[in-house]
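Asker: Here is the input, now give the coordinates:
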Amino acid sequence: MNDLAPLLTPEGRALLDEVRGTAPADELAVATRLRREHPAELVSAALGQARLRQRAAAKFGAEDAGRMFFTPNGVEQSTRASVAAYRALRLRELGVTSVADLCCGIGGDAIALARAGIRVLAVDRDPLTAAAARANADALGLAGLVEVREADVTDVDTAAYDAVFVDPARRGGRGRIFDPEAYSPPLSWAVEAARTAPHAALKVAPGIPHEAVPADAESEWISDGGDVKEAVLWFGTGATAPGTVRATLLPGPRSLLGRGLPDPEVRSVGRYLYEPDGAVIRAHLVAEVAEELDGGLVDPTIAYVTSDELRPTPYASAYEITDRLPFNVKKLKALLREREVGILTVKKRGSAVEPEELRRKALPKPQGSNAVTVFLTRVAGAPTMLLGHPV
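Answerer: The predicted structure follows:
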């Protein structure tokens, strides 16, 4: 598909309605039937769009995704709606009323900004992507707040806007790009564009090295439902000093601010083990969580916090530890059989063993209905298995 225009015609829209929800196994029969009355290319485009909408429902919700238009890259790279809405709210709370959304993709962030009452200039240089962004603003009733421009973002004058949002492309022909200077446009260009605006937010990969974060930016790592989604570099936030580090958990939002604490002390494994949220770990804020829990680390290189006291926190999942064993598959298998375990969850940090491999060897045949979580990790440098259950 290299042109959305046929799908935007009355015939194209009617076809999209007709193929909505088509199961993959039924596509051939549906296509054969529809091609008797419609051009084959249009039928193929409609079925392809239906597949993309089904995939996009996880990010945008079924209602919005069912009305929007997508490209394969757009589904893969667009921001999850909950994350985009959170970021739009932060910008609105800064007093922003207009945003230049550079590298807008299919318009996910532009939609969230417009729904927050913010006027948006959405820019992308790819014709099909820009067409999708324009169609999506129209489909969701936001065309009055979103202007879509097909252009190279480096040629766009953003002086008339309160804020700049940049989402550089982080995928190339060989997959994900990890070097920020290999983004398109490079991170250095995005930072300079941010510094020209009163406020700015730059979306970057969550694996960005902390040393690559500019000293005058606030850095924020965001997770949604426990999954780390992205990092954002903020400029002109006012309330927080440059250099602030933040981990934000959605839904909520709940935000943990860094306080520059030293690494937590190492302790013997206590009654409880805490697994910090991925955003906390990426933001290097495990020490802040450990202080909140009055806990320590099981190993100086491992982001598991241990404590003898149960203290619920939104920033870490708690487990009660029942057993501590040196790594030994035979001993684990015997223990699971003895306790009639039928459900085994394997987590690892600091171990080369693959969870699925251990699960297959240690529990080849479920023995009952009891459940156990095993942590493959290091304790004081030694490969260790910690057994327990969530609390």
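
Asker: What score does F178 have for pLDDT?
Answerer: The score at F178 is 78. That number is its pLDDT.

Asker: hang on, it packs against A205?
Answerer: Yes: with contacts counted by CB atoms under 8 Å, F178 reaches A205, the gap being 7.1 Å. Backbone N, C-alpha and C define where each C-beta goes, glycine included.

Asker: ok, now how distant is K330 from A352?
Answerer: Between K330 and A352 the distance is 18 Å, computed by CB to CB, to the nearest Å.

Asker: How about L344?
Answerer: To A352, L344 is 19 Å away according to CB to CB.

Asker: the more surrounded of the two?
Answerer: Between L344 and A352, L344 has the larger neighbour count (other CB atoms under 10 Å), namely 20 against 7.

Asker: Could you list which residues are in contact with the more buried one?
Answerer: Residues counted as contacts of L344 (CB atoms under 8 Å, 6 or more residues apart in numbering) are 336, 359, 362-363, 371-374.

Asker: between these, which is nearest V191?
Answerer: Of all these, V191 sits closest to T373, with 41.9 Å by CB to CB.

Asker: The closest one is in what secondary structure piece?
Answerer: strand 370-379 (DSSP states H and E).

Asker: What strands flank the helix or strand that that strand is followed by, and is each parallel or antiparallel?
Answerer: Along the chain past strand 370-379, the next helix or strand (assigned with DSSP H and E) turns out to be strand 382-390. Using DSSP bridges, the strands paired with strand 382-390 are strand 316-326 (antiparallel), strand 370-379 (antiparallel).

Asker: Helices along the stretch 251-391 of the chain, start to end?
Answerer: Taking DSSP state H, counting those that start in this stretch as the test, the helices found in the stretch 251-391 of the chain are 278-282, 286-293, 329-338, 355-362.

Asker: I misspoke; the intended subject was the stretch 101-250 of the chain.
Answerer: With DSSP H, counting those that start in this stretch as the criterion, the stretch 101-250 of the chain has helices at 108-115, 127-139, 187-195.

Asker: now the shortest one against helix 127-139, angle please.
Answerer: Between helix 108-115 and helix 127-139, the angle comes out at 30 degrees (axes from the mean of the first three to the mean of the last three CA atoms, to 10 degrees).

Asker: now helix 108-115, how far from the centre of its chain.
Answerer: Using CA atoms, centre = their mean, to the nearest Å, the distance from the centre of helix 108-115 to the centre of the chain it belongs to is 17 Å.

Asker: and stretch 257-265, C-alpha only, in PDB?
Answerer: Taking Å, rounded to 0.1, in the frame of the first residue of the first chain, the C-alpha atoms of stretch 257-265 are listed here in PDB:
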ATOM      1  CA  LEU A 257      12.200  11.700  41.400                       C
ATOM      2  CA  GLY A 258      15.900  11.000  41.800                       C
ATOM      3  CA  ARG A 259      17.700  12.500  44.800                       C
ATOM      4  CA  GLY A 260      21.200  11.500  43.900                       C
ATOM      5  CA  LEU A 261      21.400   8.800  46.500                       C
ATOM      6  CA  PRO A 262      24.500   6.500  46.800                       C
ATOM      7  CA  ASP A 263      24.200   2.900  45.800                       C
ATOM      8  CA  PRO A 264      22.300   0.800  48.500                       C
ATOM      9  CA  GLU A 265      24.200  -1.400  50.800                       C
END
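
Asker: ok, how many other residues are close to K333?
Answerer: 16.

Asker: Give me the nearest residue to it, chain neighbours excluded.
Answerer: Taking CB to CB, 6 or more residues apart in numbering as the measure, K333 lies nearest to A362, with 4.7 Å between them; neighbours along the chain are not counted.

Asker: ditto for I343
Answerer: Distance criterion CB to CB, 6+ apart; nearest residue to I343, sequence neighbours excluded, is A371 at 3.9 Å.

Asker: now that neighbour: how far from T154?
Answerer: From A371 over to T154 (counting by CB to CB), the distance is 54 Å.

Asker: What's the mean pLDDT across stretch 247-259?
Answerer: What stretch 247-259 shows for mean pLDDT is 95.

Asker: Just give me how far it sits from the chain centre.
Answerer: A distance of 14 Å separates the centroid of the chain from that of stretch 247-259, by CA atoms, centre = their mean.

Asker: so how far is the first residue of that stretch from its last?
Answerer: The first and final residues of stretch 247-259 sit 12 Å from each other (CA to CA, to the nearest Å).
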